[in-house]
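J.: Turn this into a model:
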Amino acid sequence: MQTDAMTGPNQRVAIVTGGLGGLGQAVTAALRADSWRVATFDILPESAGPDLAVTVDVTDESQVSAGFDRVERELGPATAIVCLAGVVFDAPVVGLAPGRLSVYPLTDWQRTLAVNLTGPFHTIRAALPHLLRPQAGNVVNVSSTAGVRGTAYAAAYAASKAGLLNFTKTLALEFASRDLRFNCVCPGGVRTPLIAKTFVRREDLEANLINYSQPPKLGHLADPIDVARVIAFLASDDARMVNGVGLLADGGALA
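T.: Below is the predicted model of the structure:
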């Protein structure tokens, strides 16, 4: 992948929300391998790994704004944003499975949309003063195949990811004349701890509806680095003519 990244204080800077999770770590590594300095926003405690890790809850606009100010002070202005922070179902317990709409808690619906859709809204709005500068900037949002096609028993998640996909396309049009690109990656299943904790088979759910979104090669889940490389490509200058896409990375599930 070609890059004209500079060294020192003028080196390219990227921010990855949800950057300390399984996929987030892979994205951070892929961007750093392409000569980006990377700051992560995550609700997890700050830790070693990226160039800067900032504890941020993306549902809190003031925390997001403060995070951007800190990144600019310590690394410089960000020219790429990856909105990856997300939840599937709002419960930190092993064994939580998708649920029928009739018993879906309102609090889970609200929390899922707050993180998956309002979180990118806060992040992108805070990013605009940093991105709309002479150098071309770009945003990569992370949706899902659930945002492209209906997904049984995942009403809030699917709705939030569909909203994020169209939000991306809308912003791509709005900012195209200002050299600011917006793209979206739509993975299928990714082999992360989140999958093991949330998507658990249950006898009361119809297996054929769950299997509906499986890739044609059974068990062919993506490794985090597979999706991370797609994201790094979209963030790079190699993709300068790619704008407003929802790029599937699902092993052919929706082909």
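J.: Strands of this structure, start to end?
T.: 13-17, 37-42, 52-55, 80-83, 137-142, 180-187, 246-249 (DSSP state E).
J.: Output the ones you listed as a markdown table; include the columns mean neighbour count and mean pLDDT.
T.: All C-beta spots, glycine's among them, are computed from the backbone N, C-alpha and C. Output for those, formatted as a markdown table (neighbours: other Cβ atoms under 10 Å; pLDDT from 0 to 100):
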| stretch | mean neighbour count | mean pLDDT |
| --- | --- | --- |
| strand 13-17 | 29 | 97 |
| strand 37-42 | 27 | 97 |
| strand 52-55 | 19 | 96 |
| strand 80-83 | 28 | 98 |
| strand 137-142 | 26 | 96 |
| strand 180-187 | 25 | 96 |
| strand 246-249 | 19 | 95 |
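J.: Select, out of these, the one closest to residue 99.
T.: Checking those against residue 99 by Cβ to Cβ gives strand 180-187 as the closest, at 22.0 Å.
J.: which helices and strands sit right next to the closest one?
T.: strand 137-142, helix 155-175, helix 224-235, strand 246-249 (3 or more Cβ pairs under 8 Å, 6 or more residues apart in numbering; DSSP states H and E).
J.: mind saving the C-alpha coords of the last one as CSV?
T.: This file holds the C-alpha atoms of strand 246-249, laid out as CSV (Å, rounded to 0.1, in the frame of the first residue of the first chain):
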residue,chain,number,x,y,z
GLY,A,246,-20.8,0.3,1.9
LEU,A,247,-18.1,-2.3,1.3
LEU,A,248,-19.1,-5.8,2.2
ALA,A,249,-16.4,-8.0,3.9
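J.: give me the number of residues near the residue nearest to residue 42 when sequence neighbours are not counted?
T.: Leaving aside its chain neighbours, residue 42 sits nearest to residue 20 (4.2 Å; criterion: Cβ to Cβ, 6 or more residues apart in numbering). By the measure other Cβ atoms under 10 Å, the count of residues near residue 20 is 21.
J.: Equivalent analysis for residue 241, please.
T.: Other residues near residue 241 come to 6 when the count uses other Cβ under 10 Å.
J.: likewise residue 150?
T.: Residues near residue 150, counting by other Cβ under 10 Å, number 12.
J.: circling back: name the stretch among the helices and strands packed on strand 180-187 that sits most buried.
T.: strand 137-142 (a mean of 26; mean count of other Cβ atoms under 10 Å).
J.: who does that strand touch, helix- and strand-wise?
T.: Where contact means 3+ Cβ pairs under 8 Å, 6+ apart, strand 137-142 is packed against strand 80-83, helix 119-131, helix 155-175, strand 180-187, helix 224-235.
J.: Try it again at 6 Å.
T.: Here strand 137-142 touches strand 80-83, helix 119-131, strand 180-187, helix 224-235, going by 3 or more Cβ pairs under 6 Å, 6 or more residues apart in numbering; DSSP states H and E.
J.: Format the ones you listed as TSV; extra columns: distance to residue 74.
T.: As requested, those are arranged in TSV below (distance: least, Cβ to Cβ, whole Å):
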stretch	distance to residue 74
strand 80-83	16
helix 119-131	13
strand 180-187	23
helix 224-235	20
